[in-house]
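# here is my input; please provide its structure:
(2 chains)
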Amino acid sequence: MAFDLTIKYAGEGGEGVISSGDFTMRAAANLGYDVVTFKSFPAEIKGGYALSQVRISDEKILSQGDGFDILVAFNGEAYEVNKPLLRKGNVLIWDGPEGGDFEPEIEELEEKGVILYAVPMSKLAKEEVGAYITKNVIAMASVFTLFDFPIEVLKEEIVKKFSRKGEDVVNLNFKAIEVAQKYIKENIKKIDPYKLPGPKPKKDVIIVEGNEAIALGAAAAGVKVFAAYPITPATTVGNYLAPIILKTGGYVYQAEDEISSMAIVVGASFAGVKAMTATSGPGVSLMQELIGLASMTETPAVIVDVQRGGPSTGMPTKHDQADLFAAALGGHGDDQRVVIAPTNVEENFHLTIEAFNLAERYQLPVLFLTDASLSLRAEAIPTPNIKEIQSKLIERPTLKKGEVNPEDIQNIYRYQITEDGLSPFLAPGESPKPYTATGLEHGENSYPRTTPKERTEMMDKRFRKIQNIEDENPHLIEWDLGDLQEGEKADIAIITWGLTASIAKEAIQRLRKKGIKVAALYPKLVYPVPKKAIEKVASMADIVLVPEANYMGHLAKFIRMFTDVPPSKIVQFNIYRGEPFIPKEIEEKVEELLGKQVQA
Amino acid sequence: MDIQFVRLEEKLPPREYKSDLEPTWCPGCGDFGVVTALTRAFSEEKLDPSALSLVSGIGCSSRLPLWMNAFGLHSCHGRAVPAAVGVRLAKPEIPTIVTAGDGDLFSIGMEHFPHAARKNFNMVVISMDNRMYALTKNQVSPTSRKGYKGSLTPYGNIDEPFNVLAFSIASGATFVAQTYAGNPKHMTEIIEKAIEHPGFAFVNILSPCPTYNKIDTFKYYKGRLIDINNELGHDPSDKEKANYYAEHALDADNPDAENLEPFHGKVPIGVFYQTRKETFEEKVAKLKEQYKPENPDTVWDEILNKYKP
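Numbers count the residues shown, from 1 in each chain, chains lettered A, B, ... in the order given. The predicted structure follows:
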């Protein structure tokens, strides 16, 4: 049986709840374990309910899991929120028996089978350490001591994080650790079974959050201009990129608004360099006109949309997958766009590079849809081989001076009509032939044209670029058939995207263990809709379940719109509460659907 | 940190900067003169058509890049300045000229202009100012005079016009000038100076619309212009005087203009303000130099090591 432990720290924002999760995650990764975190906090700077959850396993972790094994409640609100979730065998570490702001219903919980340890974190921090801010260190050290995490690893992490702030700060934290260790030793009798088995062989990994992975991916892909306007939960992409990009020869530019950001991206890419922006839903709304300009002028552009709850300001720090319609179809007129979506942090890195490759190859805007939960989720991912990645990058076909005979130059046009729709790229300072890129409909030479013939030819040319995009990018469609062969009869087909896919994967593994045959498809290329793959997987079962964290069922509606899957087969499964799915929900939904079918 | 523009060794004749397309402007449009002045200035400055960018928004005047032989970006309405910022960030060695109109720059695109100015991007921003919207068939623009009749304000404009010269100086532009489409020589000189100026150069060109604007016409401007540098001896490095002149630039609209100091009913042209400050591009180049990796081969090892557990 695999080791699989989930620790949840919960309390007031600003009390060190989030950093407790980070320290614990880093320590576990340092010991060779796989880790995945889930964090959630309010949009306010201080206060409000915050949580940080760390799942630790000796096997590959797919999702944040169904719940937790150990809850550390920093305050009464954290306890109240999580009380209904406490199950038999869970451990509750709470701020008491004195000094905290609450007291749990001890008898009721013990009857339920919950194990309670009272650690007076606030009191110890105030009275024994003499610094209330060390409350979270007391909490962490208690967890380490109780569940056999080597305390030395925590100390190492503290040195790493605080040595900049001076020896006094490090010593204060060390003192808090000692106080916690002493308290646990003298006052707590361990009766739970949870115990970290000991260090595993170290893997060559890096620990990154979703938005960090995007920043690294962009730098690896060779982005030269990153223009953005601050917006939660996308701002951190730029924060992480700013120091890196100076080393790789680019610049992070804080624009006056999102419209400007997108105009800068188009301007920079028009000039011949790789450019991108990162924003969230409201920013995408503002950028739509300029995304259309990128389509019309066939200018490569990468737009990261870290989705949050909408519409309008909505829930800026919460999970949602409701920007697919806007990303794919939000422009006016018939424009050409590609939308891709990563399902986990590792893909945030690799698909950012892929977004640039697609933009450069097809000369159009590529929207990259991630979300608030994925932006904060940390994973230990294999250390990427940057040299190898960079040797495989796709670059736009810029016509260079001296590459072509002067007499042939007149026959080369920026919007040359070709079989695959792709034309040579011309860049100032590099190419011998100037032209004016225009948002007006134009002919091959970019001169404005509105004749029915030329309009039709040019629209056809632009759409021709992406007509075979599914066949040309099989690596952007992930099949998950288990033991099934392609085309074999399954009990159910599941098609899902984004973070929900990583959660569905875990549910599907459990269902298969129960003997249920599941055929699943996780398209990373979500638009243009990969029709063939979707029809193929849908043909394997009578029910096609599409779980998504949105109300309207964006991907489900796209399947109805763009494929020949019989609509009667499609079952939407939508949540829109601002949190991601948990695997159990998908597992139970499948059982419910199959149960009903058997009865009918 | 000296950033040089790409230049030719020999001058090209001005006609080499024209594309094969004939402008679709109405006969008598002031913008024809702007094309002429630009081609002459480019020739004098030895700019290379294949290493020169003209960026515009939407409107009659914003079509200008299409008539030129240079890399052009005819972008979206109001977005000429940030699109040009994109070019500046990507390739600081490529001279970048924004050629747009008063509505594009100071109405729909207003949020961008002061930021590019205060950051002192090394670009020329030309406003072809006809004091109204022409492509949509006559509406008031931010620079329309009070009482001007547009299709949406048939009773006459009830607003005061926006003073783009005073605004540019206040925004931090390091070169601010006004010239007139009916004076190609002055226009060419001013555009040349603007190109040579390292920093954000704003040039307002009074460019009459013969089709709709029957007030701010060539006839109106004839004999009404005053050259503040040559006639009044204004030194553009004098910021106080520059602000004073800019503040009074719209006085001629006033019925009592004859009696008003310092222009007595005349419309000022010339360089109002010029100063040398470090450009945005120079500052970025410094940062890049400062953070340049010692060994580019191992830069990624350094970056990734920070993320190791």
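# leaving out sequence neighbours, find the closest residue to B:Ala249.
In this structure, B:Ala249 finds its nearest non-sequential neighbour in B:Leu165, 4.9 Å apart by CB to CB, 6 or more residues apart in numbering or on different chains. Where C-beta positions appear, they are placed from N, C-alpha and C, glycine not excepted.
# so A:Val129 touches A:Lys123, yeah?
No: at 10.2 Å, A:Val129 does not count as touching A:Lys123 under the criterion of CB atoms under 8 Å.
# follow-up on the earlier one: tell me which residues touch the residue nearest to B:Ala249, please.
B:176, B:178, B:204, B:246, B:249, B:272 (CB atoms under 8 Å, 6 or more residues apart in numbering or on different chains).
# how about the strands in the stretch 101-250 of chain B?
B:124-129, B:175-180, B:201-206, B:225-227 (DSSP state E, counting those that start in this stretch).
# for chain A, which element, helix or strand, carries the lowest mean pLDDT?
When the helices and strands of chain A are compared on mean pLDDT, DSSP states H and E, helix A:583-599 comes out lowest with a mean of 87.
# of the contacts of B:Leu165, closest to B:Ser56?
B:Asn204 (15.7 Å; CB to CB).
# report the beta-bridge partners for that closest one.
B:Asn204 has the following beta-bridge partners by DSSP bridges: B:Ser127, B:Gln178.
# helix/strand/coil for whatever residue of chain A ends up closest to chain B?
Of all residues in chain A, A:Gly267 sits closest to chain B, at 2.3 Å by CB to the nearest CB. Put simply, A:Gly267 is helix when judged by DSSP: H, G, I helix; E, B strand; the rest coil.
# now do the contacts for it.
A:Gly267 touches B:55, B:73, B:75, B:82-87, B:89-90, counting by CB under 8 Å, 6+ apart.
# count the neighbours of B:Lys137 for me.
As a burial measure, B:Lys137 scores 10 neighbours (other CB atoms under 10 Å in any protein chain shown).
# contact partners for it?
B:151, B:212.
# what about B:Val140, distance to A:Thr383?
According to CB to CB, to the nearest Å, B:Val140 stands 61 Å off from A:Thr383.
# now swap in A:Lys195 and tell me
Here the criterion is CB to CB. By it, A:Lys195 lies 29 Å from A:Thr383.
# repeat for A:Ser52
25 Å.
# for residue 87, give me the pLDDT.
Answering for chain A, as no chain was given. Note for A:Arg87: predicted pLDDT of 96.
# the chain in question should be chain B.
98.
# how about the secondary structure of the residue of chain A most remote from its centre?
Within chain A, A:Glu407 marks the point farthest from the mean C-alpha position, 50.2 Å out by CA atoms, centre = their mean. The assignment at A:Glu407 comes out as helix when based on three-state DSSP.
# could you list the low-pLDDT ranges of chain A?
A:1, A:596-600 (pLDDT under 70).
# map the structural domains onto the sequence of it.
A:4-187, A:207-391, A:397-467, A:476-599 (automatic domain parsing).
# dump those to JSON lines, plus distance to B:Asn69.
Below are the domains of chain A laid out as JSON lines (distance: least, CB to CB, whole Å):
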{"stretch": "domain A:4-187", "distance to B:Asn69": "52"}
{"stretch": "domain A:207-391", "distance to B:Asn69": "17"}
{"stretch": "domain A:397-467", "distance to B:Asn69": "6"}
{"stretch": "domain A:476-599", "distance to B:Asn69": "37"}
